[in-house]
Every structure is written in structure tokens, then in C-alpha cells.
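Enquirer: Got a predicted structure here, sequence first:
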Amino acid sequence: MNPRITVIIPAYNEEASIGKVINDIPKMVSEVIVVNNNSSDHTAMVSAEAGATVLSETRKGYGHACLKGMEYISKQEHQPDIIVFLDGDYSDYPEKLTELVAPILDQNIDFVVGARVKTLREAGSMTGPQIFGNALATFLMRLFFGSRFTDLGPFRAIKYENLLALKMEDKTYGWTVEMQLKVLRKKMTYTEIPVPYRNRIGISKVSGTVKGAIFAGFKILGWIFKYTFKK
């Protein structure tokens, strides 16, 4: 029996890229969900034309959008086996999804992160604040939790039952690090696979602004220190 894989894509003003993202997703995926996060462009229309299920979340925030997708899935008659999270800016390579889910299918791993390793990154695809923030966050996770994570990459796959067990709550930029910290705390099995990463289409809503980069940094550090001192 083939596993049921669902992809969740939070999207805010990604009309120029979202169609490319959806079209490059492998056919093994059962459903692609685009959560239109209060876009002012044609993101929703382009997504629907490309064959995705389109949801609307007017509360801005990456976590809000992801939680909207999970809420929709929870009401479905047939639950997925694996959830894949993917950005809508075409910086990731959606066709690599088959490699991303392979450790779950072949080795029964609970959680997989697509690590944006330097040798596979296009020049300029990650900003200085992104690189520094990832390095600091993963260093602290190694220091406090013995983690082997090297990246907070948004391209990630997790067993659906494990995702539910994490009881995710962050509404904005802390979503990725919250997930990884909770995986560590619950002693779930995890691994990383190296993935290529390219310059996104359009301007980043987080790392592309000083305000966004600072806010994201505080959110990430906040989650790490919360879990460091949590009994």
C-alpha cells in the first residue's frame, strides 16, 4: 500500500513562484495544500489553477498558515501518513521530496530536515542573518540537547502521528525551531539529508527585511531558552 503524503505550503504573495513549486512536486504526493496567508496578489488563483487545494488564513504568520493546513487535514476522512512542509518561493527543489521522505519510508525515521548545506547552496540564496541565525540556533541545540541538527530548513517531512504528538503552537517565525526542539524533547528519531537551495523568486518577507530578521532571531532564541530551562 502506498503511503499517503500531503504537502503544506504557506504562501504570502507568491504568485510568480507558487505554480512552479506545485508543478515540480512528485506525483507520489496525494494532496498539495497551499495556505494563502492574506496575500494581496493572485497567489490563490495560481495555486488553484496548478491543482492545489487552497485554504485562506488571514492572520499573518508562518505558524498560523501551517496550523491552518493541519486543521484542515484533521477533518479529513482519510488521514495522511506523512506531512511535508515546503516554502512557496521556489528556493527549495520540490522534486527532492522523494529523497526527503525516503528515511521515513525505508528506515522508519520519524522526522527529516532538508539541510541547506553550503556546497549545494546557490550564491546569495541565504542572507548573512539567516546563516548566522542557523549556526547559532543549531549550536545551542547541540550544546543544550546533544542535537545533531545543522539547519532549520523549511523543507521537512514528518510522520503525521508524530506531528500531532508535538502539539505545535508557534504562530510566526518560531515554527521550525519549535518543531525540532519538540522532536528532541520527545526523543523522536530524526535525520537530515543535504538538499540544494537557490535564490528565491521575489523578496523574502523575513530575511529580506531587518525587522523580519531580528524578530525571527528573537523567536528562535526564545524557543531554545524556553526548552533549555523547562523541566
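Expert: That came through, no problem.
Enquirer: Next up, the contacts around Glu192.
Expert: Val112, Val113, Gly114, Ala115, Arg148, Phe149, Thr150, Asp151 (CB atoms under 8 Å, 6 or more residues apart in numbering). The C-beta positions use only the backbone N, C-alpha and C, and glycine is treated the same way.
Enquirer: Strands along the protein, start to end?
Expert: 5-11, 31-36, 53-56, 82-85, 111-115, 156-159, 190-194 (DSSP state E).
Enquirer: Sheet partners, orientation included, of the fourth one?
Expert: Looking back up the chat, that one is strand 82-85. strand 5-11 (parallel), strand 156-159 (antiparallel) (DSSP bridges).
Enquirer: Turn these into CSV, including distance to Val101 and mean neighbour count.
Expert: Listed next are the strands paired with strand 82-85 as CSV, based on distance: least, CB to CB, whole Å; neighbours: other CB atoms under 10 Å:
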stretch, distance to Val101, mean neighbour count
strand 5-11, 6, 25
strand 156-159, 5, 24
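Enquirer: JSON lines for these, including distance to Leu97 and mean pLDDT?
Expert: Formatted as JSON lines, those follow (distance: least, CB to CB, whole Å; pLDDT from 0 to 100):
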{"stretch": "strand 5-11", "distance to Leu97": "7", "mean pLDDT": "98"}
{"stretch": "strand 156-159", "distance to Leu97": "8", "mean pLDDT": "98"}
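Enquirer: Columns distance to Lys226 on top of the strands of the chain, output as CSV?
Expert: Listed next are the strands of the chain as CSV, based on distance: least, CB to CB, whole Å:
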stretch, distance to Lys226
strand 5-11, 23
strand 31-36, 26
strand 53-56, 29
strand 82-85, 21
strand 111-115, 20
strand 156-159, 21
strand 190-194, 20
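Enquirer: Those strands: which one's closest to Ser91?
Expert: Nearest of the strands of the chain to Ser91, taken as CB to CB: strand 111-115 at 11.0 Å.
Enquirer: contacting residues around that closest one?
Expert: By CB under 8 Å, 6+ apart, strand 111-115 touches 92, 96, 100-101, 103-104, 149-153, 155-159, 162, 179-180, 183, 188-195.
Enquirer: Next, the angle from it to strand 190-194.
Expert: Here strand 111-115 runs at an angle of 30 degrees relative to strand 190-194 (axes from the mean of the first three to the mean of the last three CA atoms, to 10 degrees).
Enquirer: Given strand 111-115, what are its sheet partners and their directions?
Expert: Partners of strand 111-115 in its sheet, by DSSP bridges: strand 156-159 (antiparallel), strand 190-194 (parallel).
Enquirer: Now render the ones you listed as TSV, adding distance to Val54.
Expert: Converted to TSV, these look like this (distance: least, CB to CB, whole Å):
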stretch	distance to Val54
strand 156-159	22
strand 190-194	29
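Enquirer: Now, of the contacts of Glu192, which are buried?
Expert: For those, a burial check counting by 16 or more other CB atoms under 10 Å picks out Val112, Val113, Gly114, Ala115, Phe149, Thr150, Asp151.
Enquirer: all helices of the protein, in order?
Expert: Taking DSSP state H, the helices of the chain run over residues 18-23, 43-49, 62-74, 97-107, 128-145, 160-166, 175-185, 210-228.
Enquirer: tell me the mean pLDDT for stretch 14-21?
Expert: Average pLDDT, stretch 14-21: 98.
Enquirer: Report the contact partners of the residue most central in space within the chain.
Expert: Central residue of the chain (CA atoms, centre = their mean): Pro154, 3.2 Å from the mean position. Residues near Pro154 by CB under 8 Å, 6+ apart: Phe85, Leu86, Asp87, Asp92, Thr176.
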